[in-house]
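Colleague: fold the following and give me the result.
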Amino acid sequence: MKRREFSLSAATAVAASAVALPMATPAFAQARQFKEGKDYVRLAKPAPTDAPAGKVEVIEFFWYSCPHCNAFEPTLEAWMKSAPKDLAIHRVPVAFNSSFAAQQKLYYALEGMNKLPELHAKVFRAVHVEKLPLAKDDQIFDWVGKQGVDVAKFKEVYNSFTVSNQLRKAAQLQEAYNVEGVPSMGVAGRYYTDGTMAGSMQNVLQVVDYLAGQARKG
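Modeller: Reported below is the predicted structural model:
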């Protein structure tokens, strides 16, 4: 589904469509030959990258309120810990409409305060297990305060120019990769894949490994 068709009421259904296909068995995945136009797409125009020299940038596009992003998070986290050292992996929170902005700011404010390692998974839990919306500023401020975060400092970072600039960069990356759903992944400013194309999010990680190998070749 196209980005312009997203609405707050439809976003969950759209996110589900991105990863609704069944998981492949490891044997099947290993036997696959990943094909451009089927398992991934090559960007017509390269996206901006921010990886250090000698590193291959890998981006996960996500949304905290997406149930499949929540389901994928433990797998992604485990993969990140064992991924090749030359991968520069980071997350980019998406915004398919203005209502997503508060959760984008939540992510970048936690990052700016070095609280992501401690609280990133807890945001997913708050939304999907505890059923807290965390969709508005006051809801977010109340929640972070209960996590022991200095709320005054958090508000300062949340409303800062730095975070506003990060939202602009996130929008640019989302547009450059033509992100249609979440979770999805971009590689080296050249390639884009998601669960619909790869068949499952487990396959997506294998496609990402393959694409990183292609990027290393230059």
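
Colleague: how close does the residue nearest the centre of the chain get to Q104?
Modeller: What sits nearest the mean C-alpha location of the chain, by C-alpha atoms, centre = their mean, is F61, with 2.5 Å. Using C-beta to C-beta, to the nearest Å, F61 is found at 11 Å from Q104. The C-beta positions use only the backbone N, C-alpha and C, and glycine is treated the same way.

Colleague: please apply the same query to F72.
Modeller: F72 is 18 Å from Q104, by C-beta to C-beta.

Colleague: more neighbours: these two, which one.
Modeller: F72 (25 against 20; other C-beta atoms under 10 Å).

Colleague: ok, the more buried one touching M201?
Modeller: Yes: contact criterion C-beta atoms under 8 Å: F72 and M201 qualify, at 4.9 Å.

Colleague: one step back: and for F61 and Q104, which residues touch both?
Modeller: Residues touching both F61 and Q104 (C-beta atoms under 8 Å, 6 or more residues apart in numbering) are 93-94.

Colleague: burial count for K35?
Modeller: There are 10 residues near K35, going by other C-beta under 10 Å.

Colleague: then K153?
Modeller: 13.

Colleague: which element is it on?
Modeller: Using DSSP states H and E, K153 maps to helix 151-158.

Colleague: quick check: next helix or strand after that helix?
Modeller: Later in the chain than helix 151-158, the nearest helix or strand by DSSP H and E is helix 161-176.

Colleague: can you tell me the average pLDDT over that following helix?
Modeller: The pLDDT scores in helix 161-176 average 98.

Colleague: for that helix, buried residues please.
Modeller: 163, 166-167, 170, 173-174, 176 (16 or more other C-beta atoms under 10 Å).

Colleague: quick check, nearest of those residues to F34?
Modeller: A176 (21.7 Å; C-beta to C-beta).

Colleague: apart from its chain neighbours, what residue comes closest to the closest one?
Modeller: Once flanking residues are discounted, A176 sits nearest to A47: 3.6 Å by C-beta to C-beta, 6 or more residues apart in numbering.
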